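1. No letters, just coordinates:
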């Protein structure tokens, strides 16, 4: 194994472990009853969280990277899938991290759910459900850092042709996601995030468009940064 592949392998192992912790936390640990009831009693709530989408997809990306590290002959089969995942979930991870941590620090009631005070509830912050710090970082920061590290240090930049289709992919994903969120909110009576519950339809549409533009801008900036770096 070359030195570069060795460094990539170590980075991928660390990333897989970090995000694996987040995945195991969502599966094994009790959460506040208010949030648990939303997930268990209503349609498709868990899959509507961009946090979960980014976490799962980023973990799959890193696992594919590990397979490619150990078996280089699989590159021709796995690399196209990795690039597709990276194009979507690298910018999504940036959007998730920037929105979550900004609101978490400055307007927590817009991103954290109210805590139901009970012996099984996690420690509330001003009456809001708070994740343990390691789980919080694993879910809301590790996906972005993992894909960013891999892209900057171990992957080539996106070609002009790939970047030309990036806006189409971003718009399509945003339309599908926004449509699903609005539909299931009409069925369930609530949105997956408190800041959407607090927003009117025009503001929600502006949020969907703004998040898509931020994601696309992030991808374009990182691709240029990659070019400048190398």
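-> Thanks, I have it. From a predicted model like this one, the values you see are computed outputs, not experimental measurements.
2. which SSE is residue 157 in?
-> Using DSSP states H and E, residue 157 maps to neither a helix nor a strand.
3. Could you report the distance from it to residue 64?
-> 19 Å (CB to CB, to the nearest Å). In short, each C-beta sits where N, CA and C put it, glycine included.
4. Pick out the residue nearest the middle of the protein.
-> residue 54 (2.6 Å; CA atoms, centre = their mean).
5. Next, the buried residues of the helix or strand hosting that one.
-> Using DSSP H and E, the element containing residue 54 is helix 50-70. Within helix 50-70, the residues scored as buried using 16 or more other CB atoms under 10 Å are 50-59, 61-69.
6. and it, average pLDDT?
-> Helix 50-70 shows a mean pLDDT of 95 in the predicted model.
7. which residues does residue 226 contact?
-> By CB atoms under 8 Å, 6 or more residues apart in numbering, the contact list for residue 226 reads 151, 152, 156, 157.
8. tell me which residues in the helix or strand hosting residue 187 are buried?
-> Using DSSP H and E, residue 187 maps to helix 160-188. Within helix 160-188, the residues that count as buried by 16+ other CB under 10 Å are 162-163, 166, 169-170, 173-174, 177-178, 181, 184-185, 188.
9. which one among those residues gets closest to residue 16?
-> Closest to residue 16 out of the buried residues of helix 160-188 is residue 173 (24.3 Å), distances taken as CB to CB.
10. what separates the closest one from residue 89, distance-wise?
-> Distance from residue 173 to residue 89, by CB to CB: 10 Å.
11. Residue 225 too?
-> Taking CB to CB, one finds residue 225 at 18 Å from residue 89.
12. Repeat that for residue 102.
-> Residue 102 is 20 Å from residue 89, by CB to CB.
13. more neighbours, the two?
-> residue 89 (26 against 12; other CB atoms under 10 Å).
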